[in-house]
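> Here is the input, now give the coordinates:
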Amino acid sequence: MKRFMSLAPTALCGLALFIGIPTGTLASCGASVCPIQYPQQPSIAGKWDIAMDYTYISQTTLMTGTQVMDPSLSTMHHTEIETYSRLLNTHINYQFSDQWGVSTTIPVVWRKHAHVHHHHGETLHDEWDLSGLGDTWIDGTYSMENSILWGTPLIAEAGIKLPTGVTRLKNGDGDEAEVPIQPGSGSTDYRWGLRTQFPVAVLRNWDGQHTELPAQFFVRYTLNGIGTDGWKTGNEIVAGIRTDWSLNRSMRLLAGLTGQYRSQAEAGTTGEDINSTGGKSLIADLGLECSIMPKVRWSVSSYLPIYQSVDGEQLGLGSIIQTRVAITL
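Below is the predicted model:
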């Protein structure tokens, strides 16, 4: 039994690594950036944290409200069929002091999208394979060690998204893809957030040691600007709770629950039906993080939408997988 327990961490990390290797067709959240972006934890003062995560999300189910919809019953000018993307995000974080930090997130997007276009009684099947640099987020954080919130640390963040992503991509027929599925939105966006963390329990891990079980609460508001052809993605509020349990010195179990609300978009001159934009969702996630070297961490997480309600007709969120490697310098 002792030998099994000593081998368990290695076996679990190996299994997680196998699960975390994407296979088959990869997928997307159907927007220029994925909605699953947790606030970055501050690193040690004077240290760099560099991470890369690879995320895919599938969207193959047409929904109206909270119900699955038969695409043949759609009344839209074009009926969404599927969206698949791969998102490779590079995160560069630096902590200037115990209070101040800055982080940059640079995405690269690969996206496949298909819909049926109803035009003068004809049914046309349109497809796009898009790839390119996405929009870059830059966030600053300020930590208040003794906040008014029960004396617990409170971290404030403010960020700006720069329109560095590519737009105007077309398919082989020369048809330009809709603005919402382009790698870049063409807009400058802003966001503000607060988060706090404190222990909620003390648990005994596999090494027989007692460790604290933390709870991280966060809330974030994103104000989206006007982008390509006057399109403006709906503003967004995200709030959630996360925790992690140290199984031993090299492994942590990750878990979270996130709620998201997005208002309807503004069409500008795109001609898109904004009645089929916006909605709300509740997403649970579970993951495992392994320390594979003293300063290198690897993790894999799976996300499951447990509630979705969309405005109009939209593709719902499907399976979501993310794998991540981080190093502290």
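
> Report the buried residues of stretch 164-181.
Under the neighbour-count criterion of 16 or more other CB atoms under 10 Å, stretch 164-181 has Gly165, Val166, Thr167, Leu169, Ala177, Glu178, Val179, Pro180, Ile181 buried. The C-beta positions use only the backbone N, C-alpha and C, and glycine is treated the same way.

> For it, C-alpha coordinates in CSV please.
Output of stretch 164-181 as CSV, limited to C-alpha atoms (Å, rounded to 0.1, in the frame of the first residue of the first chain):
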residue,chain,number,x,y,z
THR,A,164,-3.8,43.7,-32.4
GLY,A,165,-5.8,40.8,-33.9
VAL,A,166,-6.3,40.2,-37.6
THR,A,167,-9.6,41.1,-39.2
ARG,A,168,-11.2,40.9,-42.6
LEU,A,169,-10.2,37.2,-43.2
LYS,A,170,-12.0,35.5,-46.0
ASN,A,171,-12.7,31.9,-47.1
GLY,A,172,-11.7,30.3,-50.4
ASP,A,173,-14.7,31.8,-52.2
GLY,A,174,-13.7,35.3,-51.2
ASP,A,175,-16.5,35.7,-48.6
GLU,A,176,-15.4,37.7,-45.5
ALA,A,177,-16.2,36.0,-42.2
GLU,A,178,-18.6,37.7,-39.8
VAL,A,179,-16.9,40.0,-37.3
PRO,A,180,-17.7,37.9,-34.2
ILE,A,181,-15.7,34.9,-35.5
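
> I'd like to check what contacts that stretch. Which residues are they?
Contacts with stretch 164-181, where a contact means CB atoms under 8 Å, 6 or more residues apart in numbering, come from 30-32, 83, 106-107, 109, 111, 113, 126-130, 132-136, 182-186, 227-229, 231, 233, 265, 270, 272, 277.

> I'd like to know which of those are part of strands.
Among the contacts of stretch 164-181, the ones falling in strands (DSSP state E) are 83, 106-107, 109, 111, 113, 126-130, 132-133, 136.

> now those residues: which count as buried?
Using 16+ other CB under 10 Å as the burial test, the ones in strands among the contacts of stretch 164-181 include Thr83, Ile106, Pro107, Val109, Arg111, His113, Asp126, Trp128, Leu130, Gly132, Thr136 as buried.

> My guess is Asp139 contacts Lys161. True?
No. At 9.6 Å, Asp139 does not count as touching Lys161 under the criterion of CB atoms under 8 Å.

> shared neighbours of these two, anything?
Both Asp139 and Lys161 are contacted by Arg191, under the criterion CB under 8 Å, 6+ apart.

> Do you know the pLDDT at Glu122?
As predicted, Glu122 sits at a pLDDT of 78.

> what about it, neighbour count?
Using other CB atoms under 10 Å, Glu122 has 7 other residues around it.

> can you check Gly279 too?
22.

> is it in a bridge, and if so with what?
Arg262, Val310 (DSSP bridges).

> Next: Gly101.
Here Gly101, judged by DSSP bridges, has bridge partners Gln95, Thr141.

> still on that earlier bit, can the ones in strands among the contacts of stretch 164-181 go into a markdown table with extra columns for distance to Val219?
Below are these laid out as a markdown table (distance: CB to CB, whole Å):
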| residue | distance to Val219 |
| --- | --- |
| Thr83 | 28 |
| Ile106 | 25 |
| Pro107 | 23 |
| Val109 | 26 |
| Arg111 | 29 |
| His113 | 31 |
| Asp126 | 38 |
| Glu127 | 38 |
| Trp128 | 35 |
| Asp129 | 36 |
| Leu130 | 32 |
| Gly132 | 31 |
| Leu133 | 29 |
| Thr136 | 23 |
